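Colleague: the following block contains a protein sequence and its predicted model.
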Amino acid sequence: QVQLVESGGGLVQPGGSLTLSCEASGSIFALNTIGWYRQAPGNQREFVAAIERGGEVNYARSGEGRFNISRDNAEDTVYLQMKNLKAEDTAVYYCNSGATSALLMGMTPGDHWGQGTQVTVSS
């Protein structure tokens, strides 16, 4: 049983910053790679970033240079630091796990999802 619990979403002005957290528990294998997807209204869910337990990372082009993913392996907690946020970053952000690598998670999500946290970028 894998449990992923997101927190840290909210309302932020354009250009602002926000840090999301994902607390994970369960199968060591399923938690080797943890990452983030997001879904804006009317859009498909899209990859944001992923990190492996060994530190390998993968970012979607939309977040490169603005987003930073990190993890605390002892706590199996993953953080997504987002800066210079734009209106188009507005979405529900979902924590995801189960992919065997960060690279693979960029192409197809793992089987496990959190409940999501809303990020709204608006003035």
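Modeller: Yep, that arrived.
Colleague: please report how far Thr100 lies from Phe29.
Modeller: The gap separating Thr100 from Phe29 is 9 Å, by Cβ to Cβ, to the nearest Å. All C-beta spots, glycine's among them, are computed from the backbone N, C-alpha and C.
Colleague: try Gly10
Modeller: Separation of Gly10 from Phe29 (Cβ to Cβ): 33 Å.
Colleague: and for Arg45?
Modeller: Using Cβ to Cβ, Arg45 is found at 23 Å from Phe29.
Colleague: the more surrounded of those two?
Modeller: Using other Cβ atoms under 10 Å as the criterion, Arg45 and Phe29 rank with Arg45 on top: 16 against 11.
Colleague: so what's the more buried one up against?
Modeller: By Cβ atoms under 8 Å, 6 or more residues apart in numbering, the contact set of Arg45 is Tyr37, Arg38, Gln39, Tyr94, Pro109.
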